[in-house]
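S.K.: My questions concern the predicted model and sequence given below.
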Amino acid sequence: MNTSDVRLDTDVLVVGGGPAGCWAAWNAAANGASVVLIEKGYVGTSGATAAGNTTTIYTRRGTTERAATVAQRVRLGHGFTEPERVERVLDRTLHNLDLLAEWGYDFPTYEDGRPYRGMLRGPDYLRFMRQKLIKARVKVIDHCPVEELLVSEGMAAGAIARSRRTGEALYISAGAVVIATGGCAFMSGALGTNNLTGDGYLIAAEAGAVLSGMEFSAQYGISPAYSSVTKGVVYFWGTFSDEAGNVLTAPGDRQSVVASELIKGPVYAILDKASPRLQEGFRKGQPNIFVPFDRMGIDPFTQRFPITLRHEGTVRGTGGLKIDNRAGTTVPGLFAAGDAATRQAMFGASTGGGGPNSSWAMATGSWAGEDAVRFVRSLGKNWRSRSVRTAAERPPTRPSGASTDIEAVLDIVKQQMLPLDKGYFRNQKSLSDTEHLLSDLWHDESWRTGRASKVREAEALIATSRWATASALLRKESRGLQRRTDFPDANPVLSRTIDTGGTDLIWTSFHNRAQASAAS
Amino acid sequence: MIEIVSVDRCIKCDLCVDACPDNVFDAVPNAAPVIARQDDCQTCFLCELFCPTDALYVSPLSETIEGSTEQDLLARGIFGSFRREMGWQNAKPRGTAGDLSYRIFETGTITP
């Protein structure tokens, strides 16, 4: 440690400042803890929620609306959805949305004046949460990626972070740590995902945490071909066509239809099924979708435009850190919330993009904050004097090297993970090839030069890609987001979750207890 | 991708330097911020919201440079168009009450 470096200590350290991290920090502070919230980017603009407008699910237990949502999750979960977990998540979501209204978030109303709490505008919501946290005396630190966890006798005990601006290190000792770093979209360019590189998975795995459901990471979002805007909701009212203008009518879900066609050639969309009333609803609700069209001079309701699919990985897939029925990981003192945690218990093998994910972030974030405080209290009064060490014993990077090496490494990872015929449609050969290539890359020390934060980001991307690939290899069937061209059907025997972990040596195994619910 | 910081419009508040999630800008003493790491821009348009004087332009092209000029964008009235549609004012959130997104679920095509 250099003398210029900064030391902090806090009851609860929250890593990541999207919705899950904000709710974790607020709940920890509301329960009397001192809290540091540290974010790689800026709390308010970083992550997938900030860049968009997100649906939430505002339903009361026992109503027909709630029953419809739970039934939909069970149907799409392909055997993994736990109905009572969905109910509990939605109960907490309702509570939190009511809190937001009580605090003065300016929710819209229906035309008849009834309040509408089913939508949160990303930058407004997160800016609102940021102000709320500052008032609650949470110490918010922006532009500081966390590089590794501190541990003490097998428990999470803090983290080391580094300022992107100054290069200064922060040693933060904490009684408990919440990982709320989001999912990983493999640098695909999907909206709001540049910072979502799997950093939280990596630091947690180094401390011994287990991940689960990483094969359910092959979620891709539709965007205009030239654009980052992967907001898929509008395409429910779209028509897809090939270069010659032939309408795509193949059976199956829209993503798969588009994916199959994109492997052959360009695909176009037009939002021709939206009524004038809905068009106005879209424009007044989703300026982030329509301002880019306006700037391009395209009217998407009357003109067709080229589209592509961008990998959304575990941001809208369901893999992540394995948690108990609240937010506890397999490491004591370490909690995971939002997209950083596996969402299989709520969405199973299907995407939770939109309302399900935003509700999950509110509930698991809140539980992580509450349980982190409980954990700190269980440590007694003297936890600050315990001895800690870093979870990863890594050789220091050589700061003199050029970062061009890292750009080349990122390109290799992207070439393995992003193409539709590797990432979307998978098979034994392509997965095995990817597994070996990424293993070699991980064990190659030569590119680990230049800015430490860039090296760490590349390591997280490689590690996340390896867990996703190894899990996809183990699951020899197709189920939801796992599409194996060599095993095109679901195998009822395999309706068990897959755990994975490790960094130098990746391991995978089927969870020994069947977790499947009756429906699939 | 972020393409323009209008030196004429910028009041050197440096709010964009902080608010950018990808640390694209560098503050410059007594001058407008510079686009220091354009390749890191994720085309999220959020810097435009945090700019109190509509001095920033993010092109909708996320992977290539558009090359628009400030003069052309002014003529087309594009500076600040995202902020105006959202309703933000002076780098402060406004406009969520006018969200008509509930219409997405009116027809029963999709369930929240």
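M.R.: It's in. Numbers count the residues shown, from 1 in each chain, chains lettered A, B, ... in the order given.

S.K.: Next up, identify which helix or strand the residue most central in space within chain B is on.
M.R.: Geometric centre of chain B, nearest residue: residue B:48, 2.2 Å, by CA atoms, centre = their mean. Using DSSP states H and E, residue B:48 sits within helix B:46-50.

S.K.: That helix packs against which elements?
M.R.: Helix B:46-50 sits against helix B:15-19, strand B:56-58, helix B:81-86, with contacts defined as 3 or more CB pairs under 8 Å, 6 or more residues apart in numbering or on different chains; DSSP states H and E. For the C-beta atoms, the positions are set from N, CA and C on the backbone; glycine is no exception.

S.K.: In TSV: these, plus mean neighbour count.
M.R.: Below are these laid out as TSV (neighbours: other CB atoms under 10 Å in any protein chain shown):
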stretch	mean neighbour count
helix B:15-19	21
strand B:56-58	26
helix B:81-86	21
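
S.K.: Reformat the ones you listed as JSON lines; add distance to chain A.
M.R.: Formatted as JSON lines, those follow (distance: least, CB to the nearest CB, whole Å):
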{"stretch": "helix B:15-19", "distance to chain A": "5"}
{"stretch": "strand B:56-58", "distance to chain A": "9"}
{"stretch": "helix B:81-86", "distance to chain A": "4"}
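
S.K.: so where does residue A:161 fall, helix or strand?
M.R.: Counting by DSSP H and E, the element that carries residue A:161 is strand A:155-162.

S.K.: what helices or strands is that strand leaning on?
M.R.: Counting by 3+ CB pairs under 8 Å, 6+ apart, strand A:155-162 packs on strand A:6-15, strand A:146-152, strand A:169-179.

S.K.: among those, which is the most enclosed?
M.R.: Ranked by mean neighbour count, the helices and strands packed on strand A:155-162 are led by strand A:169-179 with a mean of 27 (mean count of other CB atoms under 10 Å in any protein chain shown).

S.K.: got the angle between that one and strand A:6-15?
M.R.: If you take axes from the mean of the first three to the mean of the last three CA atoms, to 10 degrees, strand A:169-179 sits at 20 degrees to strand A:6-15.

S.K.: Just checking: what are the partner strands of strand A:169-179?
M.R.: Strand pairing for strand A:169-179, determined by DSSP bridges: strand A:6-15 (parallel), strand A:155-162 (antiparallel), strand A:334-336 (parallel).

S.K.: Out of those strands, which is closest to residue A:298?
M.R.: The minimum distance between residue A:298 and these falls on strand A:6-15, with 39.4 Å, by CB to CB.

S.K.: With just CA atoms, put that closest one into PDB.
M.R.: Extracted C-alpha coordinates of strand A:6-15, given in PDB (Å, rounded to 0.1, in the frame of the first residue of the first chain):
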ATOM      1  CA  VAL A   6      -7.000   5.900   0.900                       C
ATOM      2  CA  ARG A   7      -8.400   3.800   3.600                       C
ATOM      3  CA  LEU A   8     -12.100   3.600   4.600                       C
ATOM      4  CA  ASP A   9     -14.100   1.400   6.800                       C
ATOM      5  CA  THR A  10     -17.800   0.800   6.800                       C
ATOM      6  CA  ASP A  11     -20.300  -1.600   8.100                       C
ATOM      7  CA  VAL A  12     -21.700  -2.500   4.700                       C
ATOM      8  CA  LEU A  13     -19.900  -2.100   1.300                       C
ATOM      9  CA  VAL A  14     -22.100  -2.200  -1.800                       C
ATOM     10  CA  VAL A  15     -20.400  -2.700  -5.100                       C
END
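
S.K.: Go ahead and measure how far it is from the middle of the chain.
M.R.: 23 Å (CA atoms, centre = their mean, to the nearest Å).

S.K.: I'd guessed the residue nearest to the centre of chain B sits against residue B:78; true?
M.R.: No: here residue B:48 lies out of contact with residue B:78, judged by CB atoms under 8 Å, at a distance of 10.2 Å.

S.K.: what touches both of these two?
M.R.: Counting by CB atoms under 8 Å, 6 or more residues apart in numbering or on different chains, the common neighbours of residue B:48 and residue B:78 are residue B:57.

S.K.: Okay, now the unreliable bits of chain A?
M.R.: A:1-4, A:251-252, A:394-404, A:512-520 (pLDDT under 70).

S.K.: what separates the residue most central in space within it from residue A:177, distance-wise?
M.R.: Centroid check for chain A by CA atoms, centre = their mean gives residue A:183 as the closest residue, at 2.4 Å. Using CB to CB, to the nearest Å, residue A:183 is found at 18 Å from residue A:177.

S.K.: Would you mind listing where chain B has pLDDT under the threshold?
M.R.: Residue ranges of chain B with pLDDT under 70: none are present.

S.K.: what's the angle from the host helix or strand of residue A:468 to strand A:146-152?
M.R.: Taking DSSP H and E as the criterion, the element that holds residue A:468 is helix A:452-474. Helix A:452-474 runs at 80 degrees relative to strand A:146-152, counting by the same axes, to 10 degrees.

S.K.: How far off centre is the helix or strand following helix A:452-474?
M.R.: Next helix or strand after helix A:452-474 toward the C-terminus (DSSP H and E): strand A:498-501. Centre-to-centre, strand A:498-501 and its host chain are 17 Å apart (CA atoms, centre = their mean).

S.K.: ok now do residue A:269, which residues does it touch?
M.R.: Contacts of residue A:269 (CB under 8 Å, 6+ apart): A:222, A:235, A:238-241, A:300, A:304-305, A:307.

S.K.: hmm, back to that, from what I can see the residue nearest to the centre of chain A touches residue A:318, true?
M.R.: No: the pair residue A:183 / residue A:318 is not scored as a contact, 9.1 Å apart, by CB under 8 Å.

S.K.: What segments of the stretch 301-450 of chain A are helices?
M.R.: With DSSP state H, counting those that start in this stretch, the ranges of helices along the stretch 301-450 of chain A come out as A:313-316, A:344-347, A:355-378, A:404-417, A:428-443.

S.K.: need these in TSV with mean neighbour count, can you?
M.R.: What follows is those, written out as TSV (neighbours: other CB under 10 Å):
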stretch	mean neighbour count
helix A:313-316	31
helix A:344-347	28
helix A:355-378	25
helix A:404-417	17
helix A:428-443	16
